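Asker: generate coordinates for the sequence data below:
(2 chains, ligands or ions: 1)
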Amino acid sequence: MRIDIHTHLITPGAVPSAAELARAARLAQHFHIRRVVLLGNITATGGRNPSPEDIVAINDHTLAAMAARPELYIGFCYLNPAHSPAFIQEEIDRCIVAGGMKGIKLWISVKATDPRLDLIMERARELNVPVLHHSWYQVTPVDHNGSTPDEIAHLARRHPGTTVIMAHLGGVRERGIRDIEELPNVYVDTSGSQPEAGMVEYAVRRIGAGRIIFGSDWPLRDFGVQLGRIVGADLTAEENRKIFYDNAAKVLKLEE
Amino acid sequence: MEKCSEGRQAAYKLIDTSVFCGPWPFRSLRPRTLPELKEYLAGHGVCRAWVTSTEAVLLPDPMTANEPLLVEAAKDPFWVPVTLLDPSLPGWEDDYRRSLAMGARAVKLTPNYHQYSLSSPAVDRLAGLLTADRLPFCIQMRMMDERAHHPLMKVPGVPAAEVAELALRHPELSVVACAVYNAELRFLQKAPNVVAEISYVESVETLLQAKSVLGVERLLFGSHSPFLYMAAVQAKLDAHPDMINEVELRAVCYENAGRLIPDGR
Ligand SMILES: [Zn+2]
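Answerer: Residues are numbered from 1 along each chain as shown, chains lettered A, B, ... in the order given. The predicted model follows:
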């Protein structure tokens, strides 16, 4: 049994297409993925620095997917920390408190070191939900305000009581794992780049299988390929189960 | 062993059209010797593998690394030795002839590591030789994700359009694009004599998408081992039977590759 902590949908606007929901459900079933965390149609709507209207549309899109396939989808509330505290609070209340979403997604609109994230992190702690944040170390130009793992570590140190999921093990690589090694409130998802051999084993050695969560970044990626980096890694059955299911179930507070 | 899914690919033997052997300074690659690599690949259902030296990409004279690999590989029909040449290097024609005499069955280029263009005259001359000898010309688009290169050694990918241009100038030549991205496949479309191995191709349903761009007759299984998890690349073959039928799957797993380089020496 598997949970995927990092997926998107790619139809623009506020309403997911029936076809993409059906395709996601078919492929998830094929690859034994029981629950899928939806981080929003963020590449299709709003771009790098979304407006409040874009944010509402993206979160409506996620809420609609959750309503259409409640047995599959777990939504995360997408936010832009550059927006007014009042709007952010309203959106968190609408999506998480009232809407049943189970986490917050931050991407590249504002750097993780920016104090405007503090309000979001504090609210996530109060609601006891994780914050999944994009992260990458790259030698090619960084897109907009993309955060590096040391900046994620900065965020996690400011908010030790908030659970942070640092996205993209395949992008943060060895240095990124070292950045967050001493920070028990930081998990890493396994998505990002090519399924580079040895990377999952490295992360398990440094931070333990208890802080690693399977994520695919579907449909920018292929579920099978992304699963393959865990299936193909030299892991014990217990480590495997933690990465594919237990850690996500714990962070998401699933009772099943 | 846990599987990605029920896995149709397990039913088929594989010809792996792109593997590397040897040390690579930017990753701690395992397995590292031909016998270890064979054991690993055979354990994943590979019956034959096209192998190139990793060291040949970075050493000043690639033959320093090609020759020992060719000697070793000649001892075992499991290997299809692929020599890595640098046609910007004086005397590369001798390297070509020597490689063939030592059993090489194809030539691979890494134009961006060796800093020449696929439109340079030497590449056309080499393409002419390969056409006459009816051997495939493999173009390694990249060795690793460009975002993850060493900061002091950033090597861009080979422009896919130049691969297509090369192939169009040599219509009788078979060109194999190795480690090509999904988004680059469309640039290869117009040159019917270019095929692609699937190690770096990835999209929502990889094989289905790649089929829609190039057609299954122009796709090869390639794992880019030992850089990537074999299980992850193999999972691409696990497409729904309604979308990729048995005949098409066999073509990708081994038939297309077997036509390019037939069994036996
Ligand atoms: Zn993502």
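Asker: so which bits of stretch B:207-226 are buried?
Answerer: B:207, B:209-211, B:213-214, B:216, B:218-226 (16 or more other CB atoms under 10 Å in any protein chain shown). C-beta here means a position set from N, CA and C on the backbone, and glycine is covered the same way.
Asker: which element, helix or strand, includes B:A177?
Answerer: For B:A177, the host element (DSSP states H and E) is strand B:175-178.
Asker: ok, residues contacting that strand?
Answerer: Outside strand B:175-178, the residues within contact range by CB atoms under 8 Å, 6 or more residues apart in numbering or on different chains are B:17-18, B:106, B:108, B:136-141, B:160, B:163, B:166-167, B:184, B:188, B:191, B:193-197, B:199, B:220, B:222, B:224, B:260.
Asker: change it to 7 Å
Answerer: With contact meaning CB atoms under 7 Å, 6 or more residues apart in numbering or on different chains, strand B:175-178 is reached by B:17-18, B:136-141, B:163, B:166-167, B:188, B:193-197, B:220, B:222.
Asker: and what of stretch A:121-139?
Answerer: Contacts for stretch A:121-139 (CB under 7 Å, 6+ apart): A:39, A:76, A:92, A:96, A:102-108, A:112, A:120, A:146-149, A:152, A:155, A:159, A:161-168, A:171-173, A:175-176, A:192, A:251, B:147, B:149, B:151, B:154.
Asker: which stretches in the chain count as strands?
Answerer: As the question left the chain open, I've gone with chain A. A:2-7, A:33-38, A:73-75, A:77-78, A:104-106, A:131-133, A:164-166, A:186-189, A:212-213 (DSSP state E).
Asker: chain B was what I was after
Answerer: Going by DSSP E, chain B shows strands at B:14-21, B:46-53, B:79-84, B:106-109, B:137-140, B:175-178, B:194-197, B:219-220.
Asker: what does the stretch 151-256 of chain A have sitting close to chain B?
Answerer: With CB under 7 Å from any CB of the partner chain as the criterion, the stretch 151-256 of chain A comes near chain B at residues A:173, A:193-198, A:218-219, A:221-222, A:224-225, A:227-229, A:231-233, A:240.
Asker: coming back round to it: got TSV for the strands of chain A, with distance to B:H44 and mean neighbour count too?
Answerer: What follows is the strands of chain A, written out as TSV (distance: least, CB to CB, whole Å; neighbours: other CB atoms under 10 Å in any protein chain shown):
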stretch	distance to B:H44	mean neighbour count
strand A:2-7	22	26
strand A:33-38	23	23
strand A:73-75	34	24
strand A:77-78	39	30
strand A:104-106	36	27
strand A:131-133	33	27
strand A:164-166	31	28
strand A:186-189	26	26
strand A:212-213	24	28
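Asker: TSV for these, including mean pLDDT?
Answerer: Listed next are these as TSV, based on pLDDT from 0 to 100:
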stretch	mean pLDDT
strand A:2-7	98
strand A:33-38	98
strand A:73-75	98
strand A:77-78	98
strand A:104-106	98
strand A:131-133	98
strand A:164-166	98
strand A:186-189	98
strand A:212-213	98
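Asker: for A:R157, which residues are in contact?
Answerer: Going by CB under 7 Å, 6+ apart, A:R157 touches A:L183.
Asker: pLDDT score for it?
Answerer: At A:R157, the model reports a pLDDT of 98.
Asker: run a quick neighbour tally on B:E246.
Answerer: If you count neighbours by other CB atoms under 10 Å in any protein chain shown, B:E246 ends up with 11.
Asker: I'd like the strands of chain A as CSV, with distance to A:A64 appended.
Answerer: Below are these laid out as CSV (distance: least, CB to CB, whole Å):
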stretch, distance to A:A64
strand A:2-7, 15
strand A:33-38, 10
strand A:73-75, 10
strand A:77-78, 14
strand A:104-106, 16
strand A:131-133, 20
strand A:164-166, 24
strand A:186-189, 24
strand A:212-213, 25
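Asker: got the strands of chain B as a markdown table, with mean pLDDT columns?
Answerer: As requested, the strands of chain B are exported to a markdown table (pLDDT from 0 to 100):
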| stretch | mean pLDDT |
| --- | --- |
| strand B:14-21 | 98 |
| strand B:46-53 | 97 |
| strand B:79-84 | 98 |
| strand B:106-109 | 98 |
| strand B:137-140 | 98 |
| strand B:175-178 | 98 |
| strand B:194-197 | 98 |
| strand B:219-220 | 98 |
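Asker: A:G46: which of those strands is closest?
Answerer: strand B:194-197 (33.6 Å; CB to CB).
Asker: the closest one - contacts with which helices or strands?
Answerer: For strand B:194-197, the packing partners by 3 or more CB pairs under 7 Å, 6 or more residues apart in numbering or on different chains; DSSP states H and E come out as helix B:160-169, strand B:175-178, helix B:185-188, strand B:219-220.
Asker: of all the strands of chain A, which one is nearest B:K236?
Answerer: For B:K236, the closest of the strands of chain A is strand A:33-38, at 16.7 Å, according to CB to CB.
Asker: start to end distance for stretch A:231-244?
Answerer: End-to-end distance of stretch A:231-244: 10 Å, with CA to CA, to the nearest Å as the criterion.
Asker: how about that stretch: buried residues?
Answerer: In stretch A:231-244, counting by 16+ other CB under 10 Å, buried: A:231-233, A:235, A:239-244.
Asker: buried residues of the longest helix seen in chain A, list them for me.
Answerer: In chain A, taking DSSP state H as the definition, the longest helix is helix A:52-68. Under the neighbour-count criterion of 16+ other CB under 10 Å, helix A:52-68 has A:52, A:54-66 buried.
Asker: as CSV, the residues you listed with distance to B:F26 would be great.
Answerer: Output for the buried residues of helix A:52-68, formatted as CSV (distance: CB to CB, whole Å):
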residue, distance to B:F26
A:P52, 43
A:D54, 39
A:I55, 39
A:V56, 44
A:A57, 42
A:I58, 37
A:N59, 40
A:D60, 44
A:H61, 40
A:T62, 38
A:L63, 44
A:A64, 44
A:A65, 40
A:M66, 42
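Asker: show the backbone phi and psi for the spatially closest residue to A:G103 that is not a sequence neighbour.
Answerer: Leaving aside its sequence neighbours, A:G103 sits nearest to A:F76 (CB to CB, 6 or more residues apart in numbering or on different chains; 4.2 Å). With angles defined as degrees, to the nearest 10, A:F76 sits at phi -110, psi 140.
Asker: narrow the buried residues of stretch A:231-244 to those in helices?
Answerer: With helices taken from DSSP H, the overlap with the buried residues of stretch A:231-244 comprises A:231, A:239-241.
Asker: nearest to chain B among those?
Answerer: A:V231 (4.7 Å; CB to the nearest CB).
Asker: in the stretch 101-250 of chain A, which spans are helices?
Answerer: Ranges of helices in the stretch 101-250 of chain A, per DSSP state H, counting those that start in this stretch, are A:118-127, A:149-158, A:169-180, A:199-207, A:223-231, A:237-241, A:247-251.
Asker: go on, the stretch 101-250 of chain B?
Answerer: B:111-114, B:121-133, B:160-169, B:185-188, B:206-214, B:230-234, B:246-250.
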